[in-house]
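> predicted model and sequence below, questions to follow.
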Amino acid sequence: MNTPVIIINQLTRRFKETTAVDNLSLEVRSGEIFGFLGHNGAGKTTTVRLLNGVIEPTSGSMSMLGLNPQVDGPELRARTGVLTETPSLDERLTAWDNLSIYADLYGVPKTAARMRLQELLSEFELTDRAQERVSGYSKGMKQKLALARALLHKPELLFLDEPTSGLDPLAARHVNDLIERLARREGCTVFLCTHNLVEAQRLCDRVAVLEHGRLVALGTPTELTRQYVRRLEVDMEVCEEQVEVAMGILRSFPGFVLGEPTQTKGALVVTLNNRESIPDLMSSLVRNHVRVYRISAQDANLEQVYFTLHGETEGVQ
Amino acid sequence: MNWCAIFAIVRKDLKVVSQNKGVLLPITIIPLVLFVVLPWLTALAPALVNIAGVSFSQLDELIARMPAGLQQELSGLNINQKVIVFFLVYMLAPMFLVIPLMVASVIAADSFAGEKERKTLEALLYTPTTDRELFFAKLLSAWLAAIAVAFVGFVLYAVMANSAAWSVMHHIFFPNFMWVALVIWVVPAVAGLGLGVMVLVSARAQGFQAAYQLGSVVVVPVLLLVFGQVSGVMYFDVGVVLILGLAIWLLNGLLLWLGGRSFRRSRLLTS
């Protein structure tokens, strides 16, 4: 898990006046699910293209699976699978043709290819419609077929650009389970470009946040939430007769209680500046003989990290 | 070269073309008109002229203006036979070249610009194929299809022309050596010319229609050959056909070298 399979060092790619990727440096380790987050146009797709040797960098260096994408593009691409932003399927062809042609392109032997195709079509519940033209498929079916194509040759490194886009919740969960299985059981490294922060939080071992081509944060979801989320919503249940006393105590902590505490459905809701304030608050309530029945802090998540970072960088801009 | 990957792309392109009516119709209808309808109309012409009570006396004047070689070829034939040989053997020769040119151009436009338009190119660029293999495969699919249509058309035309004119000619008169040289030497070259032009055009065009319209300019040299033949400025004999083929092959070499130089993954995605 600790061997780096992707090493990016001060990578920059410019398109005329626009800098799509700006001095990017990071490492992705073997077997991890690495989330690559950023708004549209942040540079995610350009990075994937650079890493696969499809376009050349303006400056900087990179290595993937020990190979240089600029020099060893074909060898490298034989070991990676890419799900592009749009399914990029030949809609006039059947699902079977779409897959079998790509099996040949990836050099999967004929006999193995047939079994692999059947296995993937079954995995994505497309077997019954394998001989139909893709033009008649729903968006979700096309997405599943494109994902099957990316997995045809059992890649060591899988790039997924919005894999659950267009999928219904059940199919999205199935795809997320598959991603987890690929990484955890089969040792495949997954580079996941996504806008779906809940998905990233659930799946990713580490995430990188990109803003205007620049890396603004890198770490595990927990590390990032601790580092960037400075507001923590806590709700608590106290003895009914002591609510006013408790409110008074909360109001007397202006340093770490942000805003006015509120009372909803018998619970008090208070926003704290960080999780370290919880023990101090508890001890103060207990010292004043307030009976606390329940206290829970809402888990900070990547969504909050993302918007915090987005706000900061927009402020800088 | 990874031939398995090359043939996979050829198979893909030809399958896609075979499912596209917009591409399939022109490459089916025009050869059918040229290779089936035209021989029968020409063969029926003497009979129609007799019914109308007119004569082919003006044809003799036209033939008199033709190069000596052609006059010699037609000498000893009666007027009805001259009509058949003049139109079906000599006038149609340059027009025949339109077929490989058109088929190659249509398929290349679909394969290069059409793929960009349909957004199916990106997945292909992520495969282990090299730029050279991708370029070669795309050329090969359009070239093979053009050659196949032209060869099948040639055989069909030979059958149609001999059957339609049997009552006038009383022997198999088609093909002659000039036609064999034309089909074997010039047709592959002309198909390559269509490809060369379309590769350059497709690099700039955003879609199939735009590429095809821009690339249709390639038919102009063939039309010049048709006018040259009709006006008697030139005459397709074996020598002319061999020289013409050589010139087109050289031009192809130049166009494909230029096209190959600009065919880069990075350019395809960013253009």
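It's in. Please read these numbers as outputs of a predicted model, since none were measured by experiment.

> low-confidence ranges in the chain?
I'll assume chain A. Flagging of chain A using pLDDT under 70 yields the residue ranges A:1, A:254-256, A:265-266, A:312-317.

> try chain B instead
The low-confidence ranges in chain B, as defined by pLDDT under 70, are B:47-57, B:271.

> so residue A:233, which of the three states?
The assignment at residue A:233 comes out as strand when based on DSSP: H, G, I helix; E, B strand; the rest coil.

> so it touches residue A:268, yeah?
No: proximity of residue A:233 to residue A:268 does not meet the contact threshold set by Cβ atoms under 8 Å, at 11.3 Å. All C-beta atoms are positioned from the backbone trio N, CA, C, and that covers glycine.

> who's more crowded, the two?
In terms of neighbours (other Cβ atoms under 10 Å in any protein chain shown), residue A:268 is the more surrounded of residue A:233 and residue A:268; the figures are 19 against 14.

> show me what contacts that one?
For residue A:268, the contacting residues are A:235, A:236, A:237, A:238, A:243, A:246, A:247, A:250, A:261, A:262, taking Cβ atoms under 8 Å, 6 or more residues apart in numbering or on different chains as the criterion.

> how many other residues sit next to the second one?
Counted by other Cβ under 10 Å, the residues lying close to residue A:236 total 22.

> what pairs with it across the strands?
residue A:268, residue A:295 (DSSP bridges).

> surely it meets residue A:295?
Yes: checked against Cβ under 8 Å, the pair residue A:236 and residue A:295 is within contact range at 4.2 Å.

> host element of the residue nearest to residue B:185 when sequence neighbours are not counted?
Setting aside the residues directly before and after it, residue B:185 is nearest to residue B:245 in space (Cβ to Cβ, 6 or more residues apart in numbering or on different chains), at 4.0 Å. Taking DSSP states H and E as the criterion, the element that holds residue B:245 is helix B:238-262.

> if you count neighbours, what's buried in that helix?
For helix B:238-262, a neighbour-count test (16 or more other Cβ atoms under 10 Å in any protein chain shown) marks B:240, B:241, B:244, B:245, B:248, B:249, B:251, B:252, B:255, B:256, B:259, B:260 as buried.

> buried stuff in stretch A:219-233?
Buried, per 16+ other Cβ under 10 Å, within stretch A:219-233: A:219, A:221, A:224, A:225, A:228, A:229, A:232.

> cool, stretch A:3-13 as well?
Judged by neighbour count using 16+ other Cβ under 10 Å, the buried positions of stretch A:3-13 are A:4, A:5, A:6, A:8, A:11, A:12, A:13.

> just send these back as CSV, with distance to chain B too.
Converted to CSV, the buried residues of stretch A:3-13 look like this (distance: Cβ to the nearest Cβ, whole Å):
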residue, distance to chain B
A:4, 22
A:5, 17
A:6, 16
A:8, 18
A:11, 15
A:12, 15
A:13, 10
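
> and of those, the nearest to residue A:88?
For residue A:88, the closest of those turns out to be residue A:13, at 20.9 Å, with distances computed as Cβ to Cβ.

> for chain B, which residues are neighbours of chain A?
In this structure, chain B approaches chain A at residues B:2, B:4-5, B:7-9, B:11-12, B:15-16, B:19-20, B:118-130, B:265-266, B:269-270, judged by Cβ under 8 Å from any Cβ of the partner chain.

> which of those residues fall within helices?
B:4-5, B:7-9, B:11-12, B:15-16, B:121-125, B:265-266, B:269-270 (DSSP state H).

> which residues sit against whichever strand or helix holds residue A:5?
Assigning secondary structure by DSSP H and E places residue A:5 in strand A:4-15. Under the criterion Cβ under 8 Å, 6+ apart, residues A:19-30, A:34, A:43, A:46-47, A:50-51, A:55, A:57-65, A:156-157, A:189, A:191, A:213, B:270 lie in contact with strand A:4-15.

> what about the residue nearest to residue B:207 when sequence neighbours are not counted, how many residues nearby?
Excluding its sequence neighbours, the residue lying closest to residue B:207 (Cβ to Cβ, 6+ apart) is residue B:117, at 4.0 Å. The tally of other residues near residue B:117 (other Cβ under 10 Å) stands at 18.

> contacting residues for residue B:117?
B:206, B:207, B:208.

> how about a markdown table for those residues, with neighbour count added?
Compiled in a markdown table, the contacts of residue B:117 are given as follows (neighbours: other Cβ atoms under 10 Å in any protein chain shown):
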| residue | neighbour count |
| --- | --- |
| B:206 | 12 |
| B:207 | 15 |
| B:208 | 23 |
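
> just name the closest of those residues to residue B:197, please.
Within the contacts of residue B:117, the smallest distance to residue B:197 is 14.9 Å, found for residue B:208 (Cβ to Cβ).
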